[in-house]
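J.: build me a model from this:
(one chain, ligands or ions: 2)
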Amino acid sequence: MYLSLVIPVYNEEESLPLLFDAIHKALDSLPRTWEVILVDDGSSDQSLNVLKTLAEKDPEHIRVVAFRRNFGQTAAMAAGIDHASGEIIVLLDADLQNDPADIPMMLEKLDEGYDVVSGWRVKRKDTFITRTLPSRMANGLISRVTGVELHDYGCTLKVYRREVLTGFKLYGEMHRFIPVFAHSVGAKIIEVPVNHHPRRFGETKYGLNRTLKVLLDLFTVKFLLDYSAKPIYLFGGAGFGIIAISTALLIFLAIRRIFFNISVFGSPLFQISAMFFILGFQSILMGLIAELQVRTYYESQRKPTYTLRETINIK
Ligand code: UDP
Ligand code: MG
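T.: Ligands and ions are numbered 1, 2, ... in the order given. As a prediction, this is how the structure comes out:
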(Lines give C-alpha, C1' and ligand atoms only; values in the text may rest on other atoms or scores of the structure.)
(Ligands and ions follow the chains in the order given, each with its own letter.)
Protein backbone atom coordinates (compact mmCIF):
# COMPACT_ATOMS: atom_id res chain seq x y z
CA MET A 1 0.00 0.00 0.00
CA TYR A 2 1.34 3.39 -0.94
CA LEU A 3 -0.93 5.93 0.67
CA SER A 4 -3.02 5.90 3.86
CA LEU A 5 -5.32 8.76 4.69
CA VAL A 6 -6.02 8.94 8.41
CA ILE A 7 -9.14 10.87 9.41
CA PRO A 8 -10.52 11.42 12.93
CA VAL A 9 -14.32 11.63 12.99
CA TYR A 10 -16.43 13.01 15.79
CA ASN A 11 -20.04 13.86 14.95
CA GLU A 12 -19.53 14.65 11.28
CA GLU A 13 -22.44 12.70 9.75
CA GLU A 14 -23.31 15.31 7.10
CA SER A 15 -19.74 15.86 5.96
CA LEU A 16 -18.69 12.25 5.44
CA PRO A 17 -20.35 11.43 2.09
CA LEU A 18 -19.06 14.67 0.57
CA LEU A 19 -15.63 13.98 2.03
CA PHE A 20 -15.55 10.64 0.20
CA ASP A 21 -16.49 12.18 -3.10
CA ALA A 22 -13.74 14.76 -2.65
CA ILE A 23 -11.16 12.09 -1.78
CA HIS A 24 -12.11 9.96 -4.78
CA LYS A 25 -11.92 12.97 -7.03
CA ALA A 26 -8.47 13.84 -5.74
CA LEU A 27 -6.94 10.36 -5.71
CA ASP A 28 -8.58 8.29 -8.43
CA SER A 29 -6.32 9.70 -11.11
CA LEU A 30 -3.13 9.00 -9.12
CA PRO A 31 -1.26 5.89 -10.30
CA ARG A 32 -0.97 4.78 -6.67
CA THR A 33 -2.76 2.45 -4.29
CA TRP A 34 -4.49 4.13 -1.40
CA GLU A 35 -6.76 3.54 1.58
CA VAL A 36 -8.67 5.73 3.98
CA ILE A 37 -8.67 4.89 7.69
CA LEU A 38 -11.58 6.62 9.41
CA VAL A 39 -11.53 6.58 13.16
CA ASP A 40 -14.91 7.17 14.75
CA ASP A 41 -14.12 8.86 18.03
CA GLY A 42 -17.28 7.75 19.86
CA SER A 43 -19.63 9.94 17.84
CA SER A 44 -23.10 10.39 19.28
CA ASP A 45 -24.71 11.09 15.89
CA GLN A 46 -25.03 8.75 12.90
CA SER A 47 -21.38 9.09 11.84
CA LEU A 48 -20.53 5.44 12.51
CA ASN A 49 -23.54 4.19 10.54
CA VAL A 50 -22.67 6.47 7.66
CA LEU A 51 -19.11 5.13 7.76
CA LYS A 52 -20.38 1.54 7.75
CA THR A 53 -22.51 2.18 4.69
CA LEU A 54 -19.66 3.86 2.87
CA ALA A 55 -17.27 1.04 3.83
CA GLU A 56 -19.68 -1.53 2.42
CA LYS A 57 -19.86 0.35 -0.85
CA ASP A 58 -16.11 0.74 -1.23
CA PRO A 59 -14.34 -2.04 0.69
CA GLU A 60 -11.24 -1.61 -1.47
CA HIS A 61 -10.46 1.82 -0.06
CA ILE A 62 -12.35 2.40 3.13
CA ARG A 63 -11.41 1.06 6.55
CA VAL A 64 -13.13 2.04 9.75
CA VAL A 65 -11.88 1.91 13.33
CA ALA A 66 -14.50 2.74 15.97
CA PHE A 67 -13.75 3.80 19.54
CA ARG A 68 -16.02 2.77 22.40
CA ARG A 69 -16.23 6.34 23.62
CA ASN A 70 -14.83 9.77 22.83
CA PHE A 71 -11.06 9.70 23.43
CA GLY A 72 -10.19 12.91 21.57
CA GLN A 73 -8.72 13.85 18.24
CA THR A 74 -5.15 12.93 19.18
CA ALA A 75 -6.08 9.40 20.24
CA ALA A 76 -8.16 9.00 17.09
CA MET A 77 -5.24 10.03 14.92
CA ALA A 78 -2.88 7.71 16.80
CA ALA A 79 -5.27 4.77 16.34
CA GLY A 80 -5.58 5.58 12.65
CA ILE A 81 -1.80 5.63 12.22
CA ASP A 82 -1.53 2.31 14.09
CA HIS A 83 -3.99 0.70 11.69
CA ALA A 84 -2.63 2.24 8.50
CA SER A 85 -0.54 0.13 6.16
CA GLY A 86 0.70 2.80 3.77
CA GLU A 87 4.28 3.96 3.30
CA ILE A 88 2.94 7.49 3.25
CA ILE A 89 0.48 8.75 5.83
CA VAL A 90 -1.77 11.73 5.17
CA LEU A 91 -3.59 13.23 8.14
CA LEU A 92 -6.65 15.37 7.58
CA ASP A 93 -9.90 16.46 9.21
CA ALA A 94 -13.29 15.00 8.42
CA ASP A 95 -15.19 18.27 8.38
CA LEU A 96 -14.32 19.33 4.82
CA GLN A 97 -12.26 22.27 6.12
CA ASN A 98 -9.18 20.58 4.66
CA ASP A 99 -9.30 19.94 0.93
CA PRO A 100 -8.27 16.48 -0.33
CA ALA A 101 -7.51 18.17 -3.68
CA ASP A 102 -4.27 19.44 -2.11
CA ILE A 103 -2.94 15.93 -1.52
CA PRO A 104 -1.41 15.22 -4.98
CA MET A 105 0.56 18.47 -4.82
CA MET A 106 1.81 17.56 -1.35
CA LEU A 107 2.89 14.11 -2.52
CA GLU A 108 5.00 15.74 -5.22
CA LYS A 109 6.90 17.57 -2.49
CA LEU A 110 7.73 14.23 -0.86
CA ASP A 111 9.31 13.14 -4.12
CA GLU A 112 11.61 16.13 -3.85
CA GLY A 113 13.14 14.42 -0.83
CA TYR A 114 11.14 15.73 2.10
CA ASP A 115 9.78 13.49 4.86
CA VAL A 116 7.06 15.80 6.12
CA VAL A 117 4.91 18.15 4.05
CA SER A 118 3.07 20.48 6.37
CA GLY A 119 -0.12 22.21 5.27
CA TRP A 120 -0.40 25.93 5.99
CA ARG A 121 -3.89 27.48 5.91
CA VAL A 122 -2.80 30.79 4.46
CA LYS A 123 -6.39 31.98 4.16
CA ARG A 124 -7.85 30.48 7.28
CA LYS A 125 -11.63 30.46 7.53
CA ASP A 126 -12.24 30.38 11.27
CA THR A 127 -13.32 33.10 13.70
CA PHE A 128 -10.49 35.55 14.22
CA ILE A 129 -10.54 36.37 17.93
CA THR A 130 -11.12 32.91 19.39
CA ARG A 131 -9.27 30.77 16.84
CA THR A 132 -7.04 32.41 14.26
CA LEU A 133 -5.35 34.98 16.51
CA PRO A 134 -4.50 32.65 19.44
CA SER A 135 -3.35 30.08 16.93
CA ARG A 136 -1.03 32.60 15.28
CA MET A 137 0.57 33.42 18.63
CA ALA A 138 0.84 29.75 19.53
CA ASN A 139 2.55 28.98 16.23
CA GLY A 140 5.13 31.68 16.84
CA LEU A 141 5.81 30.43 20.32
CA ILE A 142 6.03 26.76 19.36
CA SER A 143 8.39 27.59 16.48
CA ARG A 144 10.60 29.58 18.78
CA VAL A 145 10.71 27.10 21.64
CA THR A 146 11.13 23.95 19.58
CA GLY A 147 13.25 25.43 16.81
CA VAL A 148 10.97 23.88 14.18
CA GLU A 149 9.67 26.90 12.27
CA LEU A 150 6.12 26.35 10.98
CA HIS A 151 3.34 28.85 10.37
CA ASP A 152 0.52 26.45 11.05
CA TYR A 153 0.92 23.69 13.59
CA GLY A 154 -2.83 23.46 13.98
CA CYS A 155 -3.54 22.50 10.37
CA THR A 156 -4.24 18.79 10.42
CA LEU A 157 -3.57 18.33 6.72
CA LYS A 158 0.01 17.10 6.69
CA VAL A 159 1.81 14.32 4.83
CA TYR A 160 4.35 12.04 6.50
CA ARG A 161 6.67 9.26 5.50
CA ARG A 162 5.79 6.41 7.80
CA GLU A 163 9.34 6.04 9.22
CA VAL A 164 9.25 9.46 10.83
CA LEU A 165 6.06 8.61 12.72
CA THR A 166 7.61 5.71 14.60
CA GLY A 167 9.51 6.01 17.86
CA PHE A 168 7.11 8.27 19.73
CA LYS A 169 3.62 8.05 21.14
CA LEU A 170 0.96 10.73 21.26
CA TYR A 171 -0.60 11.68 24.58
CA GLY A 172 -3.15 14.31 25.58
CA GLU A 173 -3.70 16.82 22.80
CA MET A 174 -0.27 16.38 21.29
CA HIS A 175 -1.13 15.80 17.64
CA ARG A 176 -0.13 19.32 16.68
CA PHE A 177 3.41 18.53 17.80
CA ILE A 178 3.85 15.58 15.43
CA PRO A 179 6.10 17.67 13.13
CA VAL A 180 8.31 18.48 16.13
CA PHE A 181 8.64 14.82 17.08
CA ALA A 182 9.29 13.93 13.45
CA HIS A 183 11.98 16.59 13.30
CA SER A 184 13.54 15.13 16.44
CA VAL A 185 14.01 11.80 14.68
CA GLY A 186 15.66 13.60 11.78
CA ALA A 187 12.81 14.33 9.33
CA LYS A 188 13.19 16.99 6.63
CA ILE A 189 10.14 19.26 6.70
CA ILE A 190 8.65 21.63 4.14
CA GLU A 191 5.61 23.86 4.41
CA VAL A 192 3.08 24.36 1.62
CA PRO A 193 0.01 26.62 1.43
CA VAL A 194 -3.24 24.63 1.38
CA ASN A 195 -6.90 25.43 0.95
CA HIS A 196 -9.13 25.97 3.91
CA HIS A 197 -12.92 26.10 3.89
CA PRO A 198 -15.38 27.31 6.47
CA ARG A 199 -17.13 24.55 8.37
CA ARG A 200 -20.34 23.71 6.50
CA PHE A 201 -21.95 21.18 8.81
CA GLY A 202 -21.86 20.51 12.54
CA GLU A 203 -19.71 22.65 14.76
CA THR A 204 -16.13 23.00 15.90
CA LYS A 205 -15.21 20.94 18.95
CA TYR A 206 -12.74 23.46 20.23
CA GLY A 207 -12.62 27.00 21.60
CA LEU A 208 -10.24 29.36 23.31
CA ASN A 209 -9.41 27.00 26.19
CA ARG A 210 -7.42 24.85 23.82
CA THR A 211 -4.72 27.51 23.79
CA LEU A 212 -3.95 26.84 27.44
CA LYS A 213 -3.61 23.13 26.78
CA VAL A 214 -1.29 23.84 23.89
CA LEU A 215 0.91 25.95 26.17
CA LEU A 216 1.10 23.20 28.78
CA ASP A 217 1.81 20.59 26.12
CA LEU A 218 4.62 22.78 24.88
CA PHE A 219 6.33 22.48 28.29
CA THR A 220 6.14 18.71 28.10
CA VAL A 221 7.34 18.60 24.52
CA LYS A 222 10.30 20.86 25.22
CA PHE A 223 11.25 18.79 28.24
CA LEU A 224 10.93 15.52 26.33
CA LEU A 225 12.93 16.83 23.40
CA ASP A 226 15.80 18.22 25.37
CA TYR A 227 16.00 16.06 28.47
CA SER A 228 14.12 12.79 28.08
CA ALA A 229 17.39 10.85 28.00
CA LYS A 230 19.22 13.05 30.52
CA PRO A 231 16.80 14.61 33.04
CA ILE A 232 19.54 15.10 35.65
CA TYR A 233 20.98 17.87 33.48
CA LEU A 234 17.82 19.87 33.95
CA PHE A 235 17.12 19.04 37.60
CA GLY A 236 20.77 19.04 38.54
CA GLY A 237 21.38 22.29 36.68
CA ALA A 238 18.51 23.96 38.49
CA GLY A 239 19.73 22.41 41.77
CA PHE A 240 23.24 23.78 41.39
CA GLY A 241 21.86 27.18 40.42
CA ILE A 242 19.75 27.32 43.56
CA ILE A 243 22.65 26.13 45.73
CA ALA A 244 24.80 28.84 44.16
CA ILE A 245 22.28 31.47 45.28
CA SER A 246 22.32 29.95 48.75
CA THR A 247 26.13 30.06 48.83
CA ALA A 248 26.23 33.66 47.61
CA LEU A 249 23.90 34.64 50.44
CA LEU A 250 26.12 32.87 52.97
CA ILE A 251 29.23 34.61 51.65
CA PHE A 252 27.43 37.94 51.86
CA LEU A 253 26.47 37.20 55.48
CA ALA A 254 30.03 36.12 56.32
CA ILE A 255 31.53 39.30 54.84
CA ARG A 256 29.07 41.42 56.81
CA ARG A 257 29.94 39.52 59.96
CA ILE A 258 33.73 39.73 59.51
CA PHE A 259 34.12 43.29 58.23
CA PHE A 260 31.11 45.11 59.63
CA ASN A 261 30.38 42.97 62.65
CA ILE A 262 26.72 42.53 61.69
CA SER A 263 25.12 39.40 63.19
CA VAL A 264 24.43 36.54 60.76
CA PHE A 265 21.18 35.70 62.52
CA GLY A 266 19.90 39.27 62.75
CA SER A 267 18.24 39.14 59.29
CA PRO A 268 16.12 36.42 57.69
CA LEU A 269 18.79 35.95 55.01
CA PHE A 270 20.37 33.02 56.82
CA GLN A 271 17.09 31.10 56.87
CA ILE A 272 16.50 31.96 53.23
CA SER A 273 19.93 30.69 52.36
CA ALA A 274 19.28 27.44 54.24
CA MET A 275 15.97 27.06 52.45
CA PHE A 276 17.60 27.52 49.06
CA PHE A 277 20.24 24.97 49.93
CA ILE A 278 17.62 22.36 50.80
CA LEU A 279 15.64 23.21 47.67
CA GLY A 280 18.70 22.82 45.45
CA PHE A 281 19.68 19.57 47.10
CA GLN A 282 16.14 18.23 46.63
CA SER A 283 16.16 19.20 43.00
CA ILE A 284 19.35 17.21 42.41
CA LEU A 285 17.82 14.20 44.15
CA MET A 286 14.71 14.55 41.96
CA GLY A 287 17.00 14.46 38.96
CA LEU A 288 18.43 11.16 40.19
CA ILE A 289 14.96 9.68 40.53
CA ALA A 290 14.15 10.91 37.04
CA GLU A 291 17.30 9.16 35.77
CA LEU A 292 15.99 5.89 37.24
CA GLN A 293 12.63 6.46 35.55
CA VAL A 294 14.25 7.13 32.21
CA ARG A 295 16.13 3.87 32.41
CA THR A 296 12.92 2.00 33.12
CA TYR A 297 11.26 3.81 30.22
CA TYR A 298 13.87 2.99 27.61
CA GLU A 299 15.06 -0.39 28.80
CA SER A 300 11.70 -1.97 29.60
CA GLN A 301 10.63 -1.25 26.03
CA ARG A 302 14.08 -1.84 24.52
CA LYS A 303 13.79 1.61 23.03
CA PRO A 304 17.01 3.01 21.62
CA THR A 305 17.95 6.52 22.67
CA TYR A 306 18.90 7.37 19.08
CA THR A 307 17.48 6.93 15.57
CA LEU A 308 19.35 5.47 12.59
CA ARG A 309 19.25 6.70 9.02
CA GLU A 310 20.81 3.52 7.61
CA THR A 311 23.49 0.92 8.29
CA ILE A 312 26.19 -0.33 5.93
CA ASN A 313 27.66 -3.85 6.05
CA ILE A 314 25.84 -4.52 9.27
CA LYS A 315 23.60 -7.55 9.48
N1 UDP B 1 -12.40 15.32 16.34
C2 UDP B 1 -12.31 14.07 16.93
N3 UDP B 1 -12.50 13.95 18.28
C4 UDP B 1 -12.77 15.03 19.08
C5 UDP B 1 -12.83 16.30 18.47
C6 UDP B 1 -12.64 16.42 17.12
O7 UDP B 1 -12.06 13.07 16.26
O8 UDP B 1 -12.93 14.85 20.29
C9 UDP B 1 -12.20 15.45 14.89
C10 UDP B 1 -13.30 16.19 14.16
O11 UDP B 1 -14.34 15.32 13.77
C12 UDP B 1 -12.56 16.76 12.96
C13 UDP B 1 -11.18 17.03 13.53
O14 UDP B 1 -11.06 16.23 14.69
O15 UDP B 1 -12.45 15.81 11.93
C16 UDP B 1 -10.98 18.51 13.85
O17 UDP B 1 -11.98 18.97 14.71
P18 UDP B 1 -12.65 20.41 14.52
O19 UDP B 1 -13.02 20.62 13.08
O20 UDP B 1 -13.73 20.56 15.52
O21 UDP B 1 -11.43 21.37 14.90
P22 UDP B 1 -11.09 22.78 14.18
O23 UDP B 1 -11.02 22.55 12.70
O24 UDP B 1 -12.19 23.71 14.55
O25 UDP B 1 -9.76 23.14 14.78
MG1 MG C 1 -12.45 21.84 11.56
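
J.: doesn't residue 32 lie inside a helix?
T.: No: under DSSP: H, G, I helix; E, B strand; the rest coil, residue 32 sits outside any helix and is assigned coil.

J.: against ligand 1, how distant is it?
T.: Residue 32 sits 24 Å away from ligand 1, going by C-beta to the nearest ligand atom, to the nearest Å. Glycine gets a C-beta too; all of them are placed from N, C-alpha and C.

J.: surely that residue meets residue 1?
T.: No: between residue 32 and residue 1 no contact is recorded; they are 9.2 Å apart, counting by C-beta atoms under 8 Å.

J.: end-to-end on stretch 98-115?
T.: One end of stretch 98-115 sits 20 Å from the other (C-alpha to C-alpha, to the nearest Å).

J.: now it: average pLDDT?
T.: For stretch 98-115, the mean pLDDT works out to 95.

J.: next: stretch 48-67.
T.: 96.

J.: go on, stretch 140-153?
T.: Per-residue scores along stretch 140-153 average to 96.

J.: quick one: terminal-to-terminal distance for that stretch?
T.: With C-alpha to C-alpha, one end of stretch 140-153 sits 10 Å from the other.

J.: the helix or strand hosting residue 217 and ligand 1 in contact?
T.: Residue 217 is part of helix 210-227 when elements are defined by DSSP states H and E. No: Helix 210-227 lies out of reach of ligand 1 by C-beta under 6 Å from any ligand atom, never closer than 8.0 Å.

J.: quick check, that helix touching ligand 2?
T.: No: against ligand 2, helix 210-227 shows no contacts by C-beta under 5 Å from the ion, the least distance being 12.1 Å.

J.: please name every helix or strand in contact with that helix.
T.: Applying 3 or more C-beta pairs under 8 Å, 6 or more residues apart in numbering; DSSP states H and E, one finds that helix 210-227 contacts helix 133-146, helix 178-184, helix 231-260.
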